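Participant: kindly generate the corresponding structure for this input.
(4 chains)
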Protein chains: 2
Amino acid sequence: MSTQRTYTDVIERLKSAGLRPTRQRIALAKLLFEKGNRHLTAEQLHGEALEQSVRVSLATVYNTLHQFTECGLLREVVVDPSRSYFDTNVDDHHHFYFENSGQLHDIPSESVRLADLPEVPDGTRLSRVDVIIRVSDDD
Amino acid sequence: MSTQRTYTDVIERLKSAGLRPTRQRIALAKLLFEKGNRHLTAEQLHGEALEQSVRVSLATVYNTLHQFTECGLLREVVVDPSRSYFDTNVDDHHHFYFENSGQLHDIPSESVRLADLPEVPDGTRLSRVDVIIRVSDDD
DNA sequence: CTGTAGTTTAGAGGCTTTCTAAACTGTTGA
DNA sequence: TCAACAGTTTAGAAAGCCTCTAAACTACAG
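Facilitator: This next block holds a predicted model:
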């Protein structure tokens, strides 16, 4: 049965990332990864958990988001100085940012041609190249 | 005399931006614009002002940074979820972000070739394209 | 089953930023 | 020159996001 499938999948995914599959982490992972690519704030994820009667504290949501980010299950997107977004798509890609609504939208990396990038300064290594296309409502 | 020159320049710049040239705005503008291109947080600018015995409140520093940003004298750079940076270079350009130190470094827009950008979604207009090259210390 | 290391939690606390409302100041017009 | 007013500044309170703490809980190895 597909729910069962997903459930064991999620547990395996956590285990192989070195994270103990606790009730909270399993529930949050399912919320995050069962709906395609998503861009969520901690507050939003916490809200969704509560809606589905998953008892989890905001502190755990923050801890989990950071742990997931560290093991490459999530990626943090910085576009709004007052809030962090977490992206379930960890493939190389870029973003549209809708300044009015605060929505993020993926741009596949093939849709942007980046060339002639300067070399990284001595003593540093490339961590990531972010391209953010900021748009705002007409008129 | 060059100080005089700068002083009246700053006042003119504020006036033509529609901002009353107050003691605080003049002092902050001089701190911001008399040292070439800079990337500063509100806290840093406030610190510099106090060091030079410019009496100004943190609230005014925030107000001023936002007003300057609105009239195009500054540009806000979002790279760190916990802090806003303000850039005195308002020309089209991009950034290196040194994740360890929190330093920002300009990349002239000619140094990056961006092509095949997707069209902006219906009902929106392009606000800006940010390219952020994140680097971290070797080892 | 039990011990223990890892995890969760509520609540306090930190930090950046914004708000409030009272005091102050640049400017305009008489 | 000066009064009057709109715009500005301010300290301090408060909001908002996030982290810390230390006590309770839990997955899991043995």
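Participant: show me the shaky parts of chain A.
Facilitator: Applying pLDDT under 70 to chain A picks out residues A:1-5.
Participant: export the strand or helix carrying A:I11 to PDB, keeping only CA atoms.
Facilitator: Using DSSP states H and E, A:I11 sits within helix A:2-16. Extracted in PDB, the C-alpha atoms of helix A:2-16 (Å, rounded to 0.1, in the frame of the first residue of the first chain):
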ATOM      1  CA  SER A   2       1.400   3.400  -1.000                       C
ATOM      2  CA  THR A   3       1.200   5.100   2.400                       C
ATOM      3  CA  GLN A   4       3.100   2.200   3.800                       C
ATOM      4  CA  ARG A   5       5.600   2.500   1.000                       C
ATOM      5  CA  THR A   6       6.100   6.200   1.700                       C
ATOM      6  CA  TYR A   7       6.400   5.700   5.400                       C
ATOM      7  CA  THR A   8       9.200   3.200   5.100                       C
ATOM      8  CA  ASP A   9      10.800   5.300   2.400                       C
ATOM      9  CA  VAL A  10      10.900   8.300   4.700                       C
ATOM     10  CA  ILE A  11      12.300   6.200   7.600                       C
ATOM     11  CA  GLU A  12      15.100   4.900   5.300                       C
ATOM     12  CA  ARG A  13      15.800   8.400   4.100                       C
ATOM     13  CA  LEU A  14      16.200   9.700   7.600                       C
ATOM     14  CA  LYS A  15      18.300   6.700   8.700                       C
ATOM     15  CA  SER A  16      20.700   7.000   5.800                       C
END
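Participant: tell me the contacts of the most centrally placed residue in chain A?
Facilitator: In chain A, the C-alpha nearest the mean C-alpha coordinate belongs to A:D87, at 2.1 Å (CA atoms, centre = their mean). A:D87 makes contacts with A:37-39, A:74-77, A:104, A:106, as judged by CB atoms under 8 Å, 6 or more residues apart in numbering or on different chains. No exception for glycine: its C-beta is placed from N, CA and C like everyone else's.
Participant: over to it: give its phi and psi.
Facilitator: Per-residue torsions, A:D87: phi -110, psi 130 (degrees, to the nearest 10).
Participant: likewise the one 3 residues further on?
Facilitator: Dihedral pair for A:V90: phi -100, psi 10, per degrees, to the nearest 10.
Participant: by contact count, what packs against the longest strand along chain A?
Facilitator: Determined from DSSP state E, the single longest strand within chain A is strand A:124-137. On a contact count with 3 or more CB pairs under 8 Å, 6 or more residues apart in numbering or on different chains; DSSP states H and E, strand A:124-137 meets strand A:75-80, strand A:93-98, strand B:124-137.
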